[in-house]
Structure formats: C-alpha cells, structure tokens
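okay, sequence plus prediction incoming.
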Amino acid sequence: MSTPSVADDPFYGRPFVSAMAVMALLLAAANLRGGLVVVGPLVEQIRAGLNISAGAFSLLTTLPLICFGIISLCVPALSRRWAPQTLAIGGLLLISLGVMLRLVDSFVVVLLGTLFLGAAIALLNVLIPGLVKAFFPRRVGLMTGLYSVTLSMGAGLGVYLAVPLLERFGHWHYPVALWALLPVICALFWLPMLRVKGVGRPAHPVKVSLWRDKMAWAITFYMGLQSFYFYSMATWLPKILLESGLDANEAGTATALINLVSIPFNFLVPIMAARLASQHRLVLGVFLASFLGVAGLWWQPAAAPLLWASLIGVGCGGSLSLALSFFVLRATNTAQATALSAMAQSIGYLLAAAGPAVLGLMRDWEGAWQTALILMLALQLLQLGCGWFAARPVKVVPDQDK
C-alpha cells in the first residue's frame, strides 16, 4: 500500500491553514445530523403546532433518507462543475435554509424545507470523504475517525439539547432554529478553503463511473447493509425491549447506549483501518459484535439488555466508520473517492429508508419480533461477506479503465 508524500499534502508547512481545514471539516460534520434528529424529542409539540397526524410527521424523518439516496448520485456531476469547497459552502447554507423553512407553521413549507435539508446533507455526505483524501492524504485514518465521531456527537447534541431549549424558551421553534444558525457560522470557516491550491475543480474534469467494479459494489452493499441495520435497530430496539417486559426507563437507557458506545469505535476503527493493508480482522470483529447483539435480542432480550445494546453500538459505530474508511482507502484520487461515496451512499440510504418499515411489517404480520431478528442475523452474514471482499487491499477501477 503506497504512502502519500509531503508533495501530496496541500497544507505541508502551513500548520495554521491545516488547523482551519480540520475545523472546517469537523464543523461541517457536526451539522449533518442535528437538524434532522432534533424533531424526534419534539414530536408531540410539532404535531400539535402543525396539526398533523403521526403518519404525516413520519415524512419529516423518512424524506431525508430518500433524498440521501437520490441526491447522492448527482454529487459527482456537481463536483466536475464546481470546486468541492464551493459545494461545501453551498451545502451548509442550504442546510440553514432548509431548517428555517421547517420553522414555518405550514406543513407544505416544512416538507419543502425537509427536502432542502435532505439534499444538502446528501451533498456533504458524499463530498466529505473526497475532501478528507484531498486535504489530508497522509492522515486519512485520523481524519475519518474524527469526522465519524463528530457526526455522532452532532446527532447526540441535537437530541440532548431539544427538550432543555424547549423548556427554557417555551416553543419548539427555538431548539430547531439552533440548527439554522450553526451551519452559517460553519460556512465562515470554509471561506479560506477556497484558496487552497490543488483541491479545486480539475482543469479537465473526467466522469468517473464505478458501476461495473466488483470492489465498488462490495463497498456499496456493505454501506447499505450497515445503514439498514443501524436505522432498524435505532427505530425498533425500544419497542423490542418494552415488549420483553422492561419499563420505559430501562428501554431508553439501553437504546441510548447504542450511540454512546459507538463513539470510541467511530474514532479508532478508521485509524486502525488506515494502518492495515487488509481490514479483514476489523470486518470480522465488527460482525461478531453486531451478530451477538442481535442474537441476544432474539434469544432473551430482557436477560442482558445493556449488553445487547452495547454490542449493537460497537457494531454500528465500527461498521459505519469502516464503510467511510473504504471510500478513501479503496480510491486512488479525490474524484474516485467522491464517485465511490456517491454510489455507496445512494444505494445505502435507500436501503436504510426501507429497514424500519420492513421490520415493522414483519412484526405486525407475526405479532412478535423473532422472524424480524432472524432476518437481521441473515443480513449480518451477508454484510460480513461484502465486508470481507471490500477489506482486500485492492483499489477500485473506473469503468473507462477496464
């Protein structure tokens, strides 16, 4: 595995600019989930304020995932027309606009804002792995880890601050409005990045297609299956535990562990992945944690709910970070990393959008969770196979080079 030289580092010998780039990337990551998840703890207040049903409210959480799947495919074309730093600033401002529209007391306008928010987040989701490779070619593991941790912490902050801000100011607009202000502040840190040489729009941009590459498909399905797993568990774990006899506090504590336990693995897995030629041991370790956590839920959920939730958290944190690492490690350049990220996240989030619905339908059909959890175990085996293939030290090959 070749090691990038100092000549590939756009910030070599410029520590202040490098620190600004780190701040810009991490602040962008912090804004990628807060504006979405903040509505979860405010569901009753938002439903009452907009006078909508529970089914209508669910559109506020499912539409962004669909946007992720559709808009991700457009990002490589956009990056051939504009510099990625310019697109990042545009994405942050669009997040702010989308959140502001979700403050309007009209459900139609709120849905429009949700579409803008989902599109902007999809744009940044795809761009950032390529920017990590372009900005920090010699520290991709560290930066991917920091990005992944900040992504999770931003989501946690959105949930954690929602109710205190609601109680302090008395209206759900205030905790939501916070996530319209932060992206604008973050965009200011991106302005100096427009002057970074060697990371702008290529002089002769070439379309990169990876749809015929086996490695790209393995990474795509690994990303998709881990997204299906995470969103399904995050949605249904509380109900699984409640139906097993736990009270609401116990179920809530166990569910919170998923995000809490995942944070150190968000950070450590990319660093270890970047130091290894082959990531097979990481793929296997992540699989064992995920499989054992779901197997525990299937066997006897009330026996050790904190243990099962912790194992699921290890699997969720490790698999997401590993998928993000594959985008960078299996690409030769920024254009390939962006194309791979777009392909994997497009299909991945469309699968994620289907996950909670599929498990919910299986639960309603059977009247219990056993068959749904067996499906999750089977999908974990499939994810292991995809990850095992993706862990080989082989770069993706664009279709035009085959």
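It's in. Bear in mind the structure is a predicted one, so any value in this text is a computation, not a measurement.

pLDDT below threshold where in the stretch 51-200 of the chain?
54, 198-200 (pLDDT under 70).

top helix in the protein by residue count?
helix 334-366 (DSSP state H).

and the helices in the stretch 201-350 of the chain, which stretches?
214-243, 248-275, 280-299, 305-329, 334-366 (DSSP state H, counting those that start in this stretch).

report the buried residues of stretch 139-148.
Judged by neighbour count (16 or more other C-beta atoms under 10 Å), stretch 139-148 contains these buried residues: R139, V140, G141, L142, M143, T144, G145, L146, Y147, S148. For the C-beta atoms, the positions are set from N, CA and C on the backbone; glycine is no exception.

and these, which is closest to L103?
Lowest distance from L103 to these (C-beta to C-beta) belongs to Y147, with 28.2 Å.

report the contact partners of that closest one.
For Y147, the contacting residues are L25, L26, A29, I128, V132, L324, by C-beta atoms under 8 Å, 6 or more residues apart in numbering.

repeat that with 7 Å
Y147 is in contact with L25, L26, A29, I128, V132, counting by C-beta atoms under 7 Å, 6 or more residues apart in numbering.

also Q45?
By C-beta under 7 Å, 6+ apart, Q45 lies in contact with L166, W172.

now do V38
G158, A162, P175, V176, W179 are the contacts of V38 under C-beta under 7 Å, 6+ apart.

scan those and report the most crowded one.
Tallying neighbours with other C-beta atoms under 10 Å puts W179 at the head of those, with 27 neighbours.

which elements pack onto the helix or strand that that one is a member of?
Under the criterion of DSSP states H and E, W179 resides in helix 173-190. In terms of contacts (3 or more C-beta pairs under 7 Å, 6 or more residues apart in numbering; DSSP states H and E), helix 173-190 is packed against helix 15-30, helix 84-101, helix 140-169.

from the chain's centroid, how far away is the longest one?
When C-alpha coordinates are averaged (C-alpha atoms, centre = their mean, to the nearest Å), helix 140-169 and its chain have centres 12 Å apart.

circling back to that earlier point, the buried residues of stretch 139-148: which two are farthest apart?
Taking every pair in these and measuring C-beta to C-beta, the maximum separation is 14.0 Å, between R139 and S148.

that older thread, could you check the angle helix 214-243 makes with the longest helix of the chain?
40 degrees (axes from the mean of the first three to the mean of the last three C-alpha atoms, to 10 degrees).

in helix 334-366, what's buried?
So for helix 334-366, counting by 16+ other C-beta under 10 Å, buried means 334-356, 359, 362-363.

and the following helix or strand past it, how far out from the chain middle?
For helix 334-366, the following helix or strand on the C-terminal side (DSSP H and E) is helix 370-390. In terms of C-alpha atoms, centre = their mean, the centre of helix 370-390 is set 19 Å apart from its chain centre.

any idea how far S53 is from T338?
Counting by C-beta to C-beta, to the nearest Å, the gap from T338 to S53 is 39 Å.

whoops, I mixed them up, A391
According to C-beta to C-beta, A391 stands 45 Å off from S53.

these two: who's more crowded?
A391 (25 against 8).

next, count neighbours for the closest residue to the more buried one other than its chain neighbours.
Nearest residue to A391, sequence neighbours excluded (C-beta to C-beta, 6 or more residues apart in numbering): Q279, at 4.0 Å. Per other C-beta under 10 Å, the neighbour tally for Q279 reads 26.

same question, the one 3 residues further on
In terms of burial, L282 registers 23 neighbours under the definition other C-beta under 10 Å.
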